[in-house]
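Chemist: Whatever this is, show me its structure:
(one chain, ligands or ions: 1)
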Amino acid sequence: MNSWISRVGTVSLVFGLVACGAPKSDDSTASADKGLKVVTTFLPITLFTEAVAGDCATVTALIPPNLGPHDFQATPADVSALGKAQVLVKNGLDMEGFLDKMIESVDNSELVVIDTSKGVATIDSPEGDHHGHDDGHDDDHGHSHGEINPHIWLDPLRAVQQVENIRDGLIAADKSCEEGYTTNAASFVSQLKDLNTEFSAQLKPYAGKTFVAFHDFAPYFAQRYSLNAEYLVDLPEMNPSPADLQRVAAEVKSSELKALLSEPQEGSQSFNALAKDLGVEVVVFNPLETGSEESARNPQTYLDVMRENVANLIKAIGG
Ligand SMILES: [Zn+2]
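Modeler: Got it, this is the predicted structure:
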């Protein structure tokens, strides 16, 4: 209920800022509505879409950036925003569990949906391996990790594919700005490829090492850099069982980890207590499921946060 109120506040603030930033605008509403109307779901999808859209489209996040997809429940205002959009961009792979019903309830037959996971090589979620898969999640309540792990955006090269899918989808919806979308996407893709080159060099000495994250977000990142990703719980909102805590404790001892990788969005009390018990530190690996309203406007956020993540990861695995 609170989040709904704060969402209204944030949205009007953003439009206010856009209007202020356009010096010669005689109609603030018009300036905020320029070009193709694109709605995105959560933070990385918003960042990638902003990078491609440039001045060609107006990008609005459906989920307020401070809420992860797992916290999201659609309000009538969200449904109305989707009703007015021309394009919807999603991560896909069941990350946005609330979306299908929402699209159905919106009377918008023109809406183009871009699934950024199209053609991306996926990794299955380990069914019942550690935690006995509890899929009693309400479909309206997102972040319902299904059989496939959805966190593809944390691998910079899979992120390249997501950006290219966004580029192709926006061009198909809006030929008039083909050159803009192509140039913008190429620039961001080259930054993502540089990021991957940088990480490959930095992480090469640690190939084969294991790290422990809070929830199961890291298999794509780990696979890219030949690391092993362990985790305490499947989903950020879950509480660890005694067996989870024992499993992680054993992993920390056998791998000589110096730190557990916490994340900004979770209630990390259990993780902090566990780290204390084991005599290790806690450092942050931000899976970018949430962020500030300001950070969501700047695609550079993805690159900055990932660089911080890798620096912290190296501390955790003993660099
Ligand atoms: Zn997640």
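Chemist: got the phi/psi numbers for residue 214?
Modeler: Dihedral angles of residue 214 (phi, psi; degrees, to the nearest 10) stand at phi -70, psi -60.
Chemist: For residue 242, grab the count of nearby residues.
Modeler: Residues within reach of residue 242, counting by other Cβ atoms under 10 Å, total 7. In short, each C-beta sits where N, CA and C put it, glycine included.
Chemist: Equivalent analysis for residue 201, please.
Modeler: Neighbours around residue 201, by other Cβ under 10 Å: 9.
Chemist: My assumption is that it lies in a helix; please confirm.
Modeler: Yes: counting by DSSP: H, G, I helix; E, B strand; the rest coil, residue 201 falls inside a helix.
Chemist: Distance check, it against residue 225.
Modeler: Residue 201 is 10 Å from residue 225, where distance means Cβ to Cβ, to the nearest Å.
Chemist: just residue 56 next, same as before
Modeler: Distance, residue 56 to residue 225, by Cβ to Cβ: 34 Å.
Chemist: Near residue 179, how many other residues are there?
Modeler: Neighbourhood size, residue 179 [other Cβ under 10 Å]: 10.
Chemist: just use 493 as the starting number from now, easier for me
Modeler: Will do, 493 is the new start, and the previous item becomes residue 671.
Chemist: ok, back up a step: identify the contacts common to residue 693 and residue 717.
Modeler: The overlap between the contact sets of residue 693 and residue 717 (Cβ atoms under 8 Å, 6 or more residues apart in numbering) is empty.
Chemist: After the helix or strand containing residue 752, which helix or strand is next?
Modeler: Using DSSP states H and E, residue 752 sits in strand 751-754. Using DSSP H and E, the helix or strand that follows strand 751-754 in sequence is helix 761-770.
Chemist: got the buried residues for that next one?
Modeler: If you call a residue buried by 16 or more other Cβ atoms under 10 Å, then helix 761-770 has these buried ones: 762, 763, 766, 767, 770.
Chemist: Also stretch 793-800?
Modeler: Applying a neighbour-count criterion of 16+ other Cβ under 10 Å, the buried positions in stretch 793-800 are 793, 794, 795, 797, 798.
Chemist: of all those, which comes closest to residue 669?
Modeler: Using Cβ to Cβ, residue 794 comes nearest to residue 669 of the buried residues of stretch 793-800, at 22.2 Å.
Chemist: For the helix or strand where the closest one lies, give the mean pLDDT please.
Modeler: Mapping residue 794 onto the secondary structure by DSSP H and E places it in helix 792-808. Summarised as a single mean, pLDDT over helix 792-808 is 98.
Chemist: Any stretches of the stretch 693-811 of the chain with poor pLDDT?
Modeler: Residue ranges of the stretch 693-811 of the chain with pLDDT under 70: 758-760, 811.
Chemist: for the nearest residue to residue 549 once chain neighbours are set aside, what are its contacts?
Modeler: Sequence neighbours aside, residue 528 is the residue nearest to residue 549 in space, at 3.9 Å (criterion: Cβ to Cβ, 6 or more residues apart in numbering). Neighbour list for residue 528: 545, 548, 549, 550, 578, 579, 662, 665, 666, 669 [criterion: Cβ under 8 Å, 6+ apart].
Chemist: tally of neighbours for the first one?
Modeler: Number of residues near residue 545 (other Cβ under 10 Å) recorded here: 27.
Chemist: Against residue 684, how distant is the nearest residue to it once chain neighbours are set aside?
Modeler: Leaving aside its sequence neighbours, residue 545 sits nearest to residue 551 (Cβ to Cβ, 6+ apart; 5.2 Å). Per Cβ to Cβ, residue 551 is found 18 Å from residue 684.
Chemist: that older thread, could you pull up phi and psi at the residue nearest to residue 549?
Modeler: phi -60, psi 140.
Chemist: measure it to residue 782 for me?
Modeler: 26 Å.
Chemist: these two touch, right, residue 587 and residue 561?
Modeler: Yes: when contacts are counted by Cβ atoms under 8 Å, residue 587 is listed as touching residue 561 (5.9 Å).
Chemist: pretty sure residue 747 is touching residue 702, no?
Modeler: Yes: using Cβ under 8 Å, residue 747 makes contact with residue 702 at a distance of 4.3 Å.
Chemist: what touches both of the two?
Modeler: residue 809.
Chemist: which helices and strands sit right next to the one helix or strand residue 656 maps to?
Modeler: Assigned by DSSP H and E, residue 656 belongs to helix 648-665. Judged by 3 or more Cβ pairs under 8 Å, 6 or more residues apart in numbering; DSSP states H and E, helix 648-665 is in contact with strand 528-532, helix 535-545, strand 579-582, strand 604-607, helix 670-695, helix 711-716.
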